[in-house]
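A.B. asks: return a 3D structure for these sequence lines:
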Amino acid sequence: MFTKRIGGECDCNLKRGDGNTSRIKTWKLVDELTLKVFEAAKSLPHEERDCLSRQLRETAVLCGASASEWAGRKKDCDDFLTLKRLHTLMIYLRYYIYLARRLNLIEQKQYSSLIQKHEAASNIIEGIMERSEDKIIKKGEDGAILS
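C.D. replies: Prediction:
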């Protein structure tokens, strides 16, 4: 067992080879997206600082925190719920990025970069969710109690 530092302050005990590679990769992608969203939010007009800029920053931080929680979590019954919460937050974040572009508050190049990073993380999250849902359904067919 080794300790991997995640998010600067959070030490998470992860075992080598226990499937955490995709968790760490996902966290890194979401963390990078969070930083890029903060950079984009700085460039928004002053009048947007209390509105869209705030929503972008808060949602990005929540995405990063949820990804960190999920990456450091041992697989248990709450694992899927944590991942689902992260997925939902990512949907909100994508909309705020989209809205900023529609309002011409961020340039097309910056928008494309943010969306590319968002899609990279979202694709992994959605793939893991699909595999998790398949396992839950399979367990249910075997007579396990599902909550």
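
A.B. asks: show me what the longest helix along the chain is packed up against.
C.D. replies: Looking across the chain with DSSP state H, the single longest helix is helix 108-141. With contacts taken as 3 or more CB pairs under 8 Å, 6 or more residues apart in numbering; DSSP states H and E, helix 108-141 sits against helix 21-42, helix 79-102. Where you see a C-beta, it was placed from the backbone N, CA and C, and this is true even at glycine.

A.B. asks: in this protein, what spans have low per-residue confidence?
C.D. replies: Residues of the chain meeting the criterion pLDDT under 70: 1-20, 76-77, 134-147.

A.B. asks: list the contacts for the nearest residue to Leu93 once chain neighbours are set aside?
C.D. replies: Leaving aside its sequence neighbours, Leu93 sits nearest to Thr59 (CB to CB, 6 or more residues apart in numbering; 4.6 Å). Counting by CB atoms under 8 Å, 6 or more residues apart in numbering, Thr59 touches Leu89, Tyr92, Leu93, Tyr96.
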